[in-house]
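Colleague: Just the structure for this:
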Amino acid sequence: MQIGLIGHGRWGTNIEKTLRSFDDVELLVIEKGAAVPGLDGVCVATPSATHAEIALPYIEKGIATFIEKPMTTSLTDAERVRAAAQKSGALVHVGHIHLYNPAFLKLIEILPQIGRVESVLSEGMNDKPRTDSSVLWDWLPHDLSMALLIFGTEPESVEACALGGALATSAIAKYQFGSATLLSLMSWQSPVKRTLMTIGGEKGSIIFDDTVAKKLILKIGEEISYPDYGNDMPLTLELRAFVDAIAQKSHDMRSLETGVTIVKLIAAAEEAAQHANTGVA
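Modeller: Alright, predicted model coming up:
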């Protein structure tokens, strides 16, 4: 099948390399807005703020569309994407990569061992600032996509604060899931990359560290173990799922709906941070 790729930055290059390894895919790197006949699908890996503008013409034509996270940087745009997909029937897949991370999927499998989850602490840091959106749009898609699966429900409230002006470079966001909490610490001011999540339960804890060889640590009482998991690359699994869904003519809306939910929750955190920064109640 023919898949178009729009966006050739750092992550777009990873997408290109992965898709070129698929025997059943002919990849075309195309310019923004280019009309290419015969496309079965398209991947959008441009700057976040441009996702809706670039993806919508393809979605409106019924072409399956993969949109890198975050789906959009405004709830209005997210709802436009959803409305277009509902009208045309186009498959829309949002790139929440940790939902295809074998270590995180193993975490979900062993989660019952720590009992009721009481807290999730996530730390996401690097030194790669974006120029079109704040740090919340960069890191919260990871934290929220994982937390929604861990808790199985949406949060009830959010508090946030941010540093660095209109395009915040560091931030803290706290989401309340009933009596449990997701606390996200994120920054573009760390020379050391960090993707660390600690899940605390009534019987034990699980640590997910995506930057080390043994990504999972399970602790129950005084017993510590390192659960095994598959070694496939998350991006390979995610793009394979997208390509297979095209082949199966899938109209599954779950990834799209998750994308809309996450945009809504990040927009709420940005609003909360603005109020906190200005002292508005």
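
Colleague: Need the nearest residue in space to S179, chain neighbours excluded.
Modeller: Closest residue to S179 apart from its sequence neighbours, by CB to CB, 6 or more residues apart in numbering: E118 at 7.4 Å. Quick note: C-beta positions are derived from backbone N, CA and C, even for glycine.

Colleague: okay, which residue is most central for the protein?
Modeller: Geometric centre of the chain, nearest residue: H96, 3.1 Å, by CA atoms, centre = their mean.

Colleague: Any regions of this structure where pLDDT drops low?
Modeller: Counting by pLDDT under 70, the chain has low-confidence residues at 33, 277-281.

Colleague: what about 80?
Modeller: Applying pLDDT under 80 to the chain flags residues 32-35, 166, 277-281.

Colleague: Check it for its longest helix and report it.
Modeller: Criterion DSSP state H: the longest helix present in the chain is helix 254-278.

Colleague: Can you work out which other helices and strands pack against that one?
Modeller: Helix 254-278 is packed against helix 75-88, strand 92-95, helix 135-151, strand 157-163, strand 170-177, with contacts defined by 3 or more CB pairs under 8 Å, 6 or more residues apart in numbering; DSSP states H and E.

Colleague: hang on, the earlier thing: and the residue nearest to the centre of the chain, what does it touch?
Modeller: Contact analysis of H96 by CB atoms under 8 Å, 6 or more residues apart in numbering lists 69, 141-142, 145, 255, 258-259, 262.

Colleague: rerun at 10 Å
Modeller: Residues near H96 by CB atoms under 10 Å, 6 or more residues apart in numbering: 68-71, 141-142, 144-146, 148-149, 234, 238, 255, 258-259, 262.

Colleague: follow-up on the earlier one: given the host helix or strand of the residue nearest to S179, what are its sheet partners and their directions?
Modeller: If you go by DSSP states H and E, E118 is part of strand 117-125. With DSSP bridges as the test, strand 117-125 is paired with strand 180-187 (parallel), strand 194-201 (antiparallel).

Colleague: Quick check: which of these is buried the most?
Modeller: Each of the strands paired with strand 117-125 was assessed for mean neighbour count using mean count of other CB atoms under 10 Å. The highest is strand 180-187, with a mean of 21.

Colleague: Distance from it to the middle of the chain?
Modeller: How far strand 180-187 lies from its chain's middle: 15 Å, per CA atoms, centre = their mean, to the nearest Å.

Colleague: ok, back up a step: now do the longest helix of the chain against helix 135-151, angle only.
Modeller: 130 degrees (axes from the mean of the first three to the mean of the last three CA atoms, to 10 degrees).

Colleague: re the thing from before, buried stuff in the strand holding E118?
Modeller: 117, 120-125 (16 or more other CB atoms under 10 Å).

Colleague: So what angle separates the directions of that strand and strand 170-177?
Modeller: Per the same axes, to 10 degrees, the angle that strand 117-125 makes with strand 170-177 is 160 degrees.

Colleague: Would you mind finding the most buried of the helices and strands packed on helix 254-278?
Modeller: Buried most deeply of the helices and strands packed on helix 254-278, by mean count of other CB under 10 Å, is strand 92-95, with a mean of 26.

Colleague: Report all helices and strands that that strand contacts.
Modeller: With contacts taken as 3 or more CB pairs under 10 Å, 6 or more residues apart in numbering; DSSP states H and E, strand 92-95 sits against strand 41-44, helix 51-60, strand 64-68, helix 75-88, helix 135-151, helix 234-247, helix 254-278.

Colleague: at 6 Å instead, please
Modeller: strand 64-68, helix 254-278 (3 or more CB pairs under 6 Å, 6 or more residues apart in numbering; DSSP states H and E).
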